[in-house]
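[1] Need a 3D model of the sequence below.
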Amino acid sequence: MTLRVAVQMDPIESLEHDVDSTFALIVEARKRGYSVHYYTPANLSLLDGRVLARARSIDARMEKENYYTVGEEVILDLRQDVDIVLMRQDPPFNMEYITASHILDHLYPKTLVINDPFEVRNAPEKLLVTHFKNLVPPTLITADPEAIKEFYAQHRDVILKPLYDYGGSLVFHVDEKSDNLGSLIDMFQRFYKEAVIVQKFIPEVKTEGDKRIILIEGKPVGGFLRVPGKQEVRAGLYLGGRAEKCEMSERDLQICEAIGPELVKRGLVFAGIDVIGGFLTEINVTCPSGVQDLNMLYDECIEAKLWDAFERRYEQSADRR
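    Model prediction:
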């Protein structure tokens, strides 16, 4: 199969190419002989119903100091010139992200977008979990300072974080010894002016870590632990956490079985979930990561499994075109 692929992503030079999942997907696409162009959300336009992207072709490989080469800038008509668009820019899930998803909606049904932009827009990772209340820890989403204080008074040990940020940014642990809750509420109200998420703290994050599980078409294909460093509760690998092998527990499989059908129904082909102490804390569908970590720990090639799934989706979508 020969495919024309466009990747909506962050600037190529900003990636950590030897660990980045998007870059691994581009390398695999080129191995399969697909043509690949990339562009940033700022270079996406909707002109009289046409979806245009100011893009560059890219050739990519896992070679240090020689990761990629790019071509001259061209204007792509994403409905006419492209078969699959990968929506792979990092959050924050802000108005730029939402606007890009609305523009990509115009490609349906001619061009396949993965993950489905309509469903991504309706499934921010910290909100989607609230549809599975039996799987998540006690959780509050609000902009009401009094509601936050009442939740803290009930649980006395909580995590407070922005609702639409990512990568462990501005995650605060507030326990009984803390006297900063009021200041944190003031900070979020001043600089974010939107709801925050407050969850009961799960102490296993410090002893067992945060388990990232990758799902393809609602089925788990592997998982690994992200273990936080000393004096940290944030386990993100970009924040000093380390990746370790782990077994998939019965609880992990129960969580995947519970959420898998909903992911498939929503067209969320590629997802990464976070599990701490047997609780589901996030369902990442905007730009899931962990592909190269799984590859290195288990000698896998997750990007090949992803492209197999993308190809199947493309063949299925042919009936709509």
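[2] Surely Asp252 is in a helix?
    Yes - counting by DSSP: H, G, I helix; E, B strand; the rest coil, one finds Asp252 located in a helix.
[3] which residues does it contact?
    211, 213, 220, 223, 275 (Cβ atoms under 8 Å, 6 or more residues apart in numbering). (Glycine included, C-beta is placed from N, CA and C.)
[4] What are the boundaries of the helices in the stretch 101-250 of the chain?
    Listed in chain order, the helices of the stretch 101-250 of the chain (DSSP state H, counting those that start in this stretch) span 117-121, 125-128, 145-155, 181-191, 204-207, 250-265.
[5] how big is the angle separating the fourth one from helix 145-155?
    Same thing as helix 181-191. With axes from the mean of the first three to the mean of the last three Cα atoms, to 10 degrees applied, the angle from helix 181-191 to helix 145-155 works out at 150 degrees.
[6] what packs against helix 181-191?
    Packed against helix 181-191 by the contact rule (3 or more Cβ pairs under 8 Å, 6 or more residues apart in numbering; DSSP states H and E) you find helix 145-155, strand 158-162, strand 172-174.
[7] who wins for proximity to Pro11 among these?
    Among the helices and strands packed on helix 181-191, strand 158-162 comes nearest to Pro11, with 23.0 Å by Cβ to Cβ.
[8] how many other residues sit next to Ala309?
    17 (other Cβ atoms under 10 Å).
[9] wait, is it part of a strand?
    No - using three-state DSSP, the assignment for Ala309 is helix, not a strand.
[10] ok, the closest residue to Ser35 other than its chain neighbours - contacts?
    Among residues not flanking Ser35 along the chain, Arg4 sits closest, at 5.1 Å (Cβ to Cβ, 6 or more residues apart in numbering). Contact analysis of Arg4 by Cβ under 8 Å, 6+ apart lists 34-35, 81-84.
[11] lowest average confidence, helix or strand, in this structure?
    In the chain, the helix or strand scored least confidently by mean pLDDT, DSSP states H and E is helix 125-128, which has a mean of 84.
[12] so where is the chain shaky, pLDDT-wise?
    166-168, 229-241, 319-321 (pLDDT under 70).
[13] Show me the domain layout of it.
    Per automatic domain parsing, the structural domains of the chain span 4-115+308-317, 138-200, 204-285.
[14] got those domains as JSON lines, with distance to Leu127 columns?
    Formatted as JSON lines, these follow (distance: least, Cβ to Cβ, whole Å):
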{"stretch": "domain 4-115+308-317", "distance to Leu127": "9"}
{"stretch": "domain 138-200", "distance to Leu127": "7"}
{"stretch": "domain 204-285", "distance to Leu127": "9"}
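[15] Tell me which of these lies nearest to Asp299.
    Among these, the nearest to Asp299 by Cβ to Cβ is domain 204-285 (11.0 Å).
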